[in-house]
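K.L.:
Here's a sequence, model it:
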Amino acid sequence: MLRLITAVVFLITSLSMSAQPYSGCFTMNKQQICAGESVTFSDCSGSVVGILNTDNSSIIQLDASVPSNTHTYNTPGFYHPYQVVNDGVSGNSTSPTQTLTVVNNTSFPTFTLNNCAGNQVTVGITDNNYDNYNIAWGEGNTGTAFPLGSATHAYAATGSYTITVTGTFNSAACTSTPVSLTVTTLNALIAPVIQDLTVNTQSTTGSVTLRFFANASQQYQIEEQQGGAGYVNKASVNFQSGLQTLTFFNLGTSVDPFYYRIYTYDDCGTQPQYSDDIYSVVLSATPSTTQIDVSWIDYHSILADNFDHYDLYRNGVIIASGLTTVNPGTFTTSYTDLGVTENQTYTYQVVTYTNTGQVAYSAYLPVTAAITSTTSAKLEEKGFAPNPSADGVFKLDNSNTEFYDEISISTLEGKMIYHLSNVSDGNIIIDLSSAKPGMYIATLKNSKGVKVARLIK
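P.N.:
From the prediction side, this is the model:
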């Protein structure tokens, strides 16, 4: 230590002495090290007095009397050590700086796996923290990728393999912590299988639920079409297994049927494999006193090769099964239900079956059978005024002699548009001004029973 201090003082004061002029010169045994490693510096200046600045606030002696010295670097980064010597004649001489890299091996390698038909898997490196990335493919073979690069491997057999990636440096001996991911290889793309399509709500802002079976090694794109406008991408499902359930909202399910298909693809451009198409049903009904005429529209005419038959349910019980064709090329899309009772509400559903096992469920449609005109006339005379109403505002005389404690208004298709419970005594104003012009069914309930009236706007 005393000699180093003396050397530093000597260099700073540039004491004069008879000596051959020297120039700063040194070598390093490593240009890249791991944090915590040491570098050996060697003098090549031959100077009697010399010091080396390690570029991290440390000074070590390095000259003819101490021709080799070491220093430990604990913090990752770039360092620029240089040597200062004094020849005793010309004063201090500073060597050119050299660059030393202290690497950081604490970050984990990041990468993606792309699974392709033919049992091919591509590792894509997504960071540049290391000089190289060693890849162990999980069955004895190895490979290498560069920062932000990739490597592809073809497996001899379909199966699940654990791929391990380790970051390495060109010179430094330390490596990253290995990172592993498991992949199931794909021999060939398998066409998706749709299980069913359900219309949850039939309205201008309705929803549907689509279910299909997925393979953990495949990627899927779900496509949607309405009104023959062409398929558009709706959603994607990647590398999931088992039954997948997708619900789509804010759809005009009462306007026009929707139909869906799914295709599977890989990242290598293999020809996609498509599921069969499946389509929804828009259900409607016209009630009378003795029957309810149920009808529906869908895209069976476009997808005739895939269609098999319809079943019609009322209140959860099948009333017509195997509805197919009236004659070749003409499909049954209506049914007259004669088993109804006046003023009773029924719920209908149409279920569509394809010849490949797919099922499409319509929404549940409640429909109330009409009442006789004589009954309607008597009820209309007993309470609502005016009726018809030009602006859709009706007044009900809810007097003590005919007091109703619950009132509901429905369309002829059975859709409720107005409901009032715990009704007070006196005149009740029913505002249907926002409803479309037409006929509506008013259902009035009290302790004596239920009465029905027709309202015309």
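K.L.:
List the buried residues of stretch 275-292.
P.N.:
Buried residues in stretch 275-292, counted by 16 or more other Cβ atoms under 10 Å: 275-285, 287, 292. C-betas here are computed from N, CA, C, even on glycine.
K.L.:
my guess is residue 39 meets residue 33, correct?
P.N.:
Yes. If you go by Cβ atoms under 8 Å, residue 39 and residue 33 touch, sitting 6.2 Å apart.
K.L.:
Compare neighbour counts for the two and give me the winner.
P.N.:
residue 33 (24 against 20; other Cβ atoms under 10 Å).
K.L.:
bridging residues for the more buried one?
P.N.:
Going by DSSP bridges, residue 33 is paired in beta bridges with residue 102.
K.L.:
dump the residue contacts of it.
P.N.:
39, 73, 100, 101, 102, 103, 171, 172 (Cβ atoms under 8 Å, 6 or more residues apart in numbering).
K.L.:
one more time with 10 Å
P.N.:
Taking Cβ atoms under 10 Å, 6 or more residues apart in numbering, we find residue 33 in contact with 39, 72-73, 76, 79, 100-103, 169, 171-174.
K.L.:
do residue 222 as well
P.N.:
192, 194, 210, 212, 231, 233-237, 244, 246, 248, 260-263, 275.
K.L.:
from what I can see, it looks like it's in a strand, true?
P.N.:
Yes. Residue 222 forms part of a strand when assessed by DSSP: H, G, I helix; E, B strand; the rest coil.
K.L.:
If it is in a bridge, with which residues?
P.N.:
residue 235, residue 262.
K.L.:
Make residue 1 into 52 and carry on from there
P.N.:
Yep, numbering from 52; the last one is residue 273 now.
K.L.:
Where does pLDDT dip in the stretch 52-201 of the chain?
P.N.:
52-72, 138-139, 141 (pLDDT under 70).
K.L.:
give me that answer again for 50
P.N.:
Across the stretch 52-201 of the chain, the ranges flagged by pLDDT under 50 are 52-70.
K.L.:
Then the stretch 252-401 of the chain?
P.N.:
378-380.
K.L.:
give me that answer again for 70
P.N.:
350-355, 376-382.
K.L.:
number of nearby residues for residue 312?
P.N.:
Neighbours of residue 312 (other Cβ under 10 Å): 19.
K.L.:
Pretty sure it sits against residue 283.
P.N.:
No. Between residue 312 and residue 283 there is no contact under Cβ atoms under 10 Å: 11.4 Å.
K.L.:
got any residues that touch both of these two?
P.N.:
Common neighbours of residue 312 and residue 283 (Cβ under 10 Å, 6+ apart) are 274, 275, 276.
K.L.:
re the thing from before, out of the contacts of residue 84, name the ones that lie in strands.
P.N.:
In strands, judged by DSSP state E, the following of the contacts of residue 84 are found: 90, 123, 124, 130, 151, 152, 153, 154.
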